[in-house]
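S.K.: Quick one, fold the following:
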Amino acid sequence: MELFVIKSPMQLQMYKKEWSSILELNHNTNHFFEYEFFINWWKNKAFNHNVTVFGIKENLKVIAFFPFNISIKYKIPIYQMLSLPGICKLDFIVQHSNLDRVLMFLMDKLIETHKHAVFHFTEMSEILFLKLSAYLKARNLLSKVTVSLNAPIIDEGNNILGIERLQELGNVAIDEISYSQYKEFICKSREPFCFSSSYDLTFLENLSQELKIAALELKVVTVAIEKEIVAFSFVLNCRGTYEEYAYGFHPDFTIYELEKVLSHHIKVANNSLIHSSSSNSIIVSTKTLKARYTKIIFFLKKKQLARKKVAFKKSKSLSVRKYKYLLARLTDTQVKAVSDFKGVTNIDILTSENNRRESLEKAFRKSKGYYSIDPSKAFWVNENFIFNEDTVFLKELPARSVYLGSWNRQELEKQLSFIQKIYLPNNIYVLVDFTDKASQEKLKLFGFQIIERLKLDQANSAHKMRRKVK
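M.R.: The predicted structure is shown next:
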């Protein structure tokens with residue numbers, strides 16, 4: 001066998017046929033290692049990686065490729081398996097029947113070349129993990145092995161509350177379209193869609209140009225309500241296995257979290273609602289003291305970095321932004337006034353031009369809107385919760401109580417009379433800004449009493465609100 005080195009995407013282009021044929025024989029379903037994806041990633045996104053691909057020939061025939069990210073620490077090379085967010089299991093490009101001897105040849109050559117070296121293998125496929133473990137045992141190389149075997153995660157669709165709420169507004173369809181159809185739609189649309197990563201969109205655009213005759217196929221799964229596309233997910237189909245790569249959505253529908261709906265749909269298509277959350281990692285070095293010391297430092301830094309990420313997430317979740325409101329309640333006073341309000345319909349919500357996002361958020365929380373002339377100036381009634389306009393959840397309502405939101409001073413009398421007539425509540429709750437003295441005086445005129453001064457923190461917003469609504 002003979003080892004050769006590929007240092008650039010241009011060099012790799014010479015071996016496209018060999019690379020693809022190996023994956024075809026293995027019936028590969030990992031889109032990251034398909035030639036078209038990998039070479040585009042190397043060209044356009046591998047800026048923080050020093051990518052080197054080791055190729056192996058046998059009898060003048062290329063039989064394997066081993067991509068690594070190589071860095072230097074304390075003048076010692078560290079070979080790391082290439083990784084990408086969202087890729088569960090990593091592997092090398094080698095026919096499974098050849099993995100034993102080819103892996104042994106590669107490791108022996110690298111260790112022979114470097115007196116001091118460290119190797120980091122992570123999130124490996126099961127077969128690679130077993131073969132590498134056997135090699136390390138045979139060569140008597142000490143390694144730091146981490147294996148996390150967590151209980152299988154079952155996706156029962158508990159995160160699809162958004163689709164249920166959306167279906168209450170109209171006909172919802174989940175469809176699959178080609179990438180060219182998506183481009184045609186996005187060019188015609190004037191809507192300001194949000195994307196998980198605009199950088200990924202550029203990458204996907206470049207990738208789509210090379211997928212004409214590849215085993216990899218780029219599709220777009222869409223969510224539409226009343227034929228209006230409001231969310232989509234970019235999916236790579238690799239020999240029948242779907243992998244979600246990025247997604248986009250209309251900002252008006254943010255609270256519906258439709259990216260979770262799309263993710264669940266893709267899992268159903270893959271028949272992968274049950275999946276293991278196991279992970280593995282092997283850090284090994286050559287036998288010199290210098291290499292072993294570097295391995296230990298590298299291992300400790302990896303653990304420290306993981307702890308910092310957890311600590312950062314905790315500290316971030318504890319950060320608080322406070323808003324101050326007064327909570328007022330009307331109990332005994334009966335307000336009598338002539339009122340003629342109409343209910344806000346689903347069509348009113350979906351076709352609203354001024355404040356569709358706010359109306360959709362209120363509909364999501366099971367609020368009902370009423371208006372006299374303009375649906376965009378409706379007031380909203382909720383029989384379950386008290387919340388402010390910043391989507392912050394406060395508390396659940398007691399029995400036979402309602403919360404009046406988006407009220408205004410000019411029509412307050414009519415609004416109160418209408419609510420008492422329709423809902424027959426014992427209590428009507430409203431929120432008023434503690435700096436708005438005029439509104440506070442207006443409430444007192446109708447018998448409202450200030451019962452609580454509130455400090456609302458942003459930590460109680462959208463996610464807690466969703467759980468409470470459910």
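S.K.: Might you list the low-confidence residue ranges for the stretch 301-450 of the chain?
M.R.: 301-323, 389-394 (pLDDT under 70).
S.K.: make it 50
M.R.: Confidence mapping of the stretch 301-450 of the chain against pLDDT under 50 gives the ranges 306, 308-321, 391.
S.K.: what are the ranges of the strands in it?
M.R.: With DSSP state E, counting those that start in this stretch as the criterion, the stretch 301-450 of the chain has strands at 322-330, 342-343, 368-371, 379-382, 385-387, 393-396, 401-405, 427-433, 449-457.
S.K.: Given the second one, what are its sheet partners and their directions?
M.R.: In the sheet, strand 342-343 lines up against strand 368-371 (antiparallel) (DSSP bridges).
S.K.: Give me the contact list for the strand it pairs with.
M.R.: For strand 368-371, contacts defined as CB atoms under 8 Å, 6 or more residues apart in numbering pick out 341-344, 348-349, 359, 362-363, 375, 377-382, 415, 418. All C-beta spots, glycine's among them, are computed from the backbone N, C-alpha and C.
S.K.: now swap in stretch 30-47 and tell me
M.R.: Applying CB under 8 Å, 6+ apart, the set of residues contacting stretch 30-47 from outside is 9, 12-13, 16, 19-20, 23, 28, 51, 67, 84, 87, 89-91, 93, 199, 202-203, 206-207, 210-211, 214-216, 236, 238, 241, 243, 245.
S.K.: Which of the residues in that stretch are classified as buried?
M.R.: Judged by neighbour count (16 or more other CB atoms under 10 Å), stretch 30-47 contains these buried residues: 30-42, 46.
S.K.: likewise stretch 410-421?
M.R.: Using 16+ other CB under 10 Å as the burial criterion, the residues of stretch 410-421 that qualify are 411, 412, 413, 414, 415, 416, 417, 418, 419, 420.
S.K.: Which residues are in contact with the third one?
M.R.: By CB under 8 Å, 6+ apart, the contact list for residue 413 reads 335, 337, 446.
S.K.: my guess is the last one meets residue 409, correct?
M.R.: No: if you go by CB atoms under 8 Å, residue 446 and residue 409 don't touch, sitting 10.7 Å apart.
S.K.: For residue 34, see how far away the nearest residue in space to residue 206 that is not next to it in sequence is.
M.R.: Of all residues not flanking residue 206 in the chain, residue 40 sits nearest, at 5.6 Å (CB to CB, 6 or more residues apart in numbering). From residue 40 across to residue 34, the span is 10 Å (CB to CB, to the nearest Å).
S.K.: What of residue 231?
M.R.: For residue 231, the distance to residue 34 equals 26 Å [CB to CB].
S.K.: export stretch 239-254 as CSV, just CAs?
M.R.: C-alpha atoms of stretch 239-254 as CSV (Å, rounded to 0.1, in the frame of the first residue of the first chain):
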residue,chain,number,x,y,z
ARG,A,239,-29.7,7.6,-0.9
GLY,A,240,-33.1,7.8,0.7
THR,A,241,-31.9,9.3,4.1
TYR,A,242,-33.0,12.9,4.7
GLU,A,243,-30.8,15.3,6.6
GLU,A,244,-32.1,18.8,7.6
TYR,A,245,-29.4,21.4,6.8
ALA,A,246,-31.0,24.9,7.3
TYR,A,247,-34.4,26.4,7.5
GLY,A,248,-36.3,29.7,6.9
PHE,A,249,-39.5,31.1,8.2
HIS,A,250,-41.8,34.2,8.0
PRO,A,251,-41.1,36.3,11.1
ASP,A,252,-44.9,36.8,11.7
PHE,A,253,-45.1,33.0,12.5
THR,A,254,-42.1,32.9,14.9
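S.K.: From the centroid of the chain, which residue is nearest?
M.R.: Centre of the chain computed as the mean C-alpha position; nearest residue by CA atoms, centre = their mean is residue 259, 6.9 Å away.
S.K.: For it, which non-adjacent residue is spatially closest?
M.R.: Residue 259's closest residue in space is residue 247 (CB to CB, 6+ apart), at 4.8 Å.
S.K.: List the contacts of the one you found.
M.R.: Listed by CB under 8 Å, 6+ apart, the contact set of residue 247 reads 195, 196, 231, 232, 233, 234, 259, 262.
S.K.: Let's see the pLDDT reported for it.
M.R.: Looking at residue 247, its pLDDT reads 86.
S.K.: And it, how close does it get to residue 222?
M.R.: Residue 247 sits at a distance of 10 Å from residue 222 (criterion: CB to CB).
S.K.: between the two, what contacts are shared?
M.R.: Here residue 247 and residue 222 have 231, 232 as joint contacts, going by CB under 8 Å, 6+ apart.
S.K.: okay, now the domains of this structure?
M.R.: Split into domains by automatic domain parsing, the chain comes to 2-151+278-316, 154-275, 322-469.
S.K.: Helices of the stretch 301-450 of the chain, start to end?
M.R.: Ranges of helices in the stretch 301-450 of the chain, per DSSP state H, counting those that start in this stretch, are 346-350, 356-364, 412-423, 437-445.
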